[in-house]
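S.K.: this one's sequence-less:
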């Protein structure tokens with residue numbers, strides 16, 4: 001068991017840690033919670049013998065006093081540190097990093113057994129044992145750092161902010177790995193700002209505020225402590241509010257759920273609430289009386305261009321070819337007549353009122369056709385007048 005009694009650390013006149021006492025047994029996880037600058041990392045460095053400040057107090061491992069002992073002697077006694085930032089060798093492979101963790105005399109005789117046990121605990125390290133560490137993800141590098149510390153065959157493993165810089169998914173995987181390490185019988189002293197996940201896997205916890213240990217309790221009690229929730233878990237847990245049951249209206253009775261919590265029965269009862277109600281058969285309404293169509297309005301008969309033959313039968317509808325041929329004949333007759341009557345020098349533009357033969361009233365489509373034919377006729381007249389004037393104009397002769 002690791003026992004720390006009255007540890008105090010000062011950097012000159014600054015007091016970083018004041019009379020802190022913690023204990024960690026083998027096979028348990030102890031978490032230290034605190035804000036930035038509270039002295040959490042200083043406590044781990046003082047335990048591991050690498051603190052640069054002035055350290056006072058006592059550190060004991062299984063009854064052996066390790067106060068003022070060098071770091072290599074503390075590792076020989078079974079305390080290994082995973083520092084903040086991992087502290088791995090990035091240009092070496094995974095297996096080379098792990099082998100460097102077994103340099104102490106405590107671990108040399110059991111290096112092969114520890115490596116095999118580590119590969120069993122972390123199968124991914126066995127798959128990546130020949131991979132250069134700097135090419136691995138942050139979570140995998142953190143796994144290498146923990147494995148290297150475990151290769152020293154420790155009894156107590158201390159970790160300083162192991163989830164720093166990891167994604168939520170990798171954090172979850174990391175804490176699951178720490179539980180697996182705890183199950184091997186190794187005690188873990190964990191400094192972590194992720195209070196929710198660290199308390200979920202821890203057995204006990206300490207609160208460190210302003211360089212002092214202010215509270216110690218089980219992890220389950222700390223997780224529901226209002227002060228801890230407010231400071232580290234984002235506020236006190238909201239209590240569920242039960243609303244008074246509202247009686248269902250008589251017109252819409254609800255199906256009672258079965259007493260047994262059977263998912264299939266619950267689903268069947270819920271589907272009954274959404275079943276459509278049966279409707280009474282209603283006789284189809286009688287068909288409406290037929291509506292008599294009003295007779296179409298009578299239109300005046302169009303004036304015929306030429307008297308129709310009594311034997312000829314006019315087809316139903318409008319015959320476009322017939323209309324076009326008659327329009328061409330009428331236009332040709334009008335052009336020849338007006339050219340003969342009017343002077344050829346400057347013929348005036350003909351007017352639509354001068355038409356001698358009326359076109360039949362053919363509705364909207366006939367009006368459009370008539371307008372198109374008039375435009376064609378006018379264009380032909382302008383072209384004829386221009387051609388006549390051009391031929392009569394004398395051409396200049398050069399000298």
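M.R.: Nice, I can see it. All values reported here derive from a predicted model rather than from experimental measurement.

S.K.: switch to C-alpha atoms for all contacts and neighbour counts from now on
M.R.: Will do.

S.K.: which SSE is immediately downstream of the strand or helix carrying residue 73?
M.R.: Under the criterion of DSSP states H and E, residue 73 resides in helix 71-76. Using DSSP H and E, the helix or strand that follows helix 71-76 in sequence is strand 79-82.

S.K.: low-scoring stretches of this protein, by residue?
M.R.: Within the chain, the set of residues satisfying pLDDT under 70 comprises 234-321, 323-324, 335, 338-366, 390-399.

S.K.: change it to 80
M.R.: Counting by pLDDT under 80, the chain contains low-confidence ranges at 165, 231-370, 384, 386-399.

S.K.: domain assignment for it?
M.R.: 2-232, 320-392 (automatic domain parsing).

S.K.: okay but residue 189 is in contact with residue 162, surely?
M.R.: No. Residue 189 lies out of contact with residue 162 (Cα atoms under 8 Å); the separation is 11.4 Å.

S.K.: picking that back up, tell me the most buried of the domains of the chain?
M.R.: The highest mean neighbour count among the domains of the chain, using mean count of other Cα atoms under 10 Å, belongs to domain 2-232: a mean of 19.

S.K.: how long is that domain from one end to the other?
M.R.: In domain 2-232, first residue to last residue: 26 Å (Cα to Cα, to the nearest Å).

S.K.: what's the answer for stretch 48-57, then?
M.R.: Using Cα to Cα, the end-to-end distance of stretch 48-57 comes out at 13 Å.

S.K.: now stretch 200-217
M.R.: End-to-end distance of stretch 200-217: 14 Å, with Cα to Cα as the criterion.

S.K.: run through who's touching that stretch.
M.R.: With contact meaning Cα atoms under 8 Å, 6 or more residues apart in numbering, stretch 200-217 is reached by 15-22, 28-35, 37-40, 175, 179, 199, 218-220, 222.

S.K.: the stretch 1-150 of the chain: helices as residue ranges?
M.R.: Using DSSP state H, counting those that start in this stretch, the helices of the stretch 1-150 of the chain run over 40-48, 71-76, 94-100, 105-108, 111-121, 123-127, 138-150.

S.K.: confirm that residue 208 sits in a strand.
M.R.: Yes. Counting by DSSP: H, G, I helix; E, B strand; the rest coil, residue 208 is part of a strand.

S.K.: so in terms of bridging, what pairs with it?
M.R.: On the basis of DSSP bridges, residue 208 takes part in beta bridges with residue 213.

S.K.: so it versus residue 80, what's the distance?
M.R.: 22 Å.

S.K.: picking up where we left off before, dump the helices of the stretch 1-150 of the chain to JSON lines, plus distance to residue 9.
M.R.: As requested, the helices of the stretch 1-150 of the chain are arranged in JSON lines below (distance: least, Cα to Cα, whole Å):
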{"stretch": "helix 40-48", "distance to residue 9": "8"}
{"stretch": "helix 71-76", "distance to residue 9": "17"}
{"stretch": "helix 94-100", "distance to residue 9": "30"}
{"stretch": "helix 105-108", "distance to residue 9": "29"}
{"stretch": "helix 111-121", "distance to residue 9": "35"}
{"stretch": "helix 123-127", "distance to residue 9": "37"}
{"stretch": "helix 138-150", "distance to residue 9": "25"}
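
S.K.: for residue 194, find the nearest of those helices.
M.R.: Nearest to residue 194, of all the helices of the stretch 1-150 of the chain, is helix 40-48, at 13.5 Å by Cα to Cα.

S.K.: other SSEs contacting that closest one?
M.R.: If contacts are counted by 3 or more Cα pairs under 8 Å, 6 or more residues apart in numbering; DSSP states H and E, helix 40-48 sits against strand 2-11, strand 14-24, helix 71-76, strand 79-82, strand 156-160.
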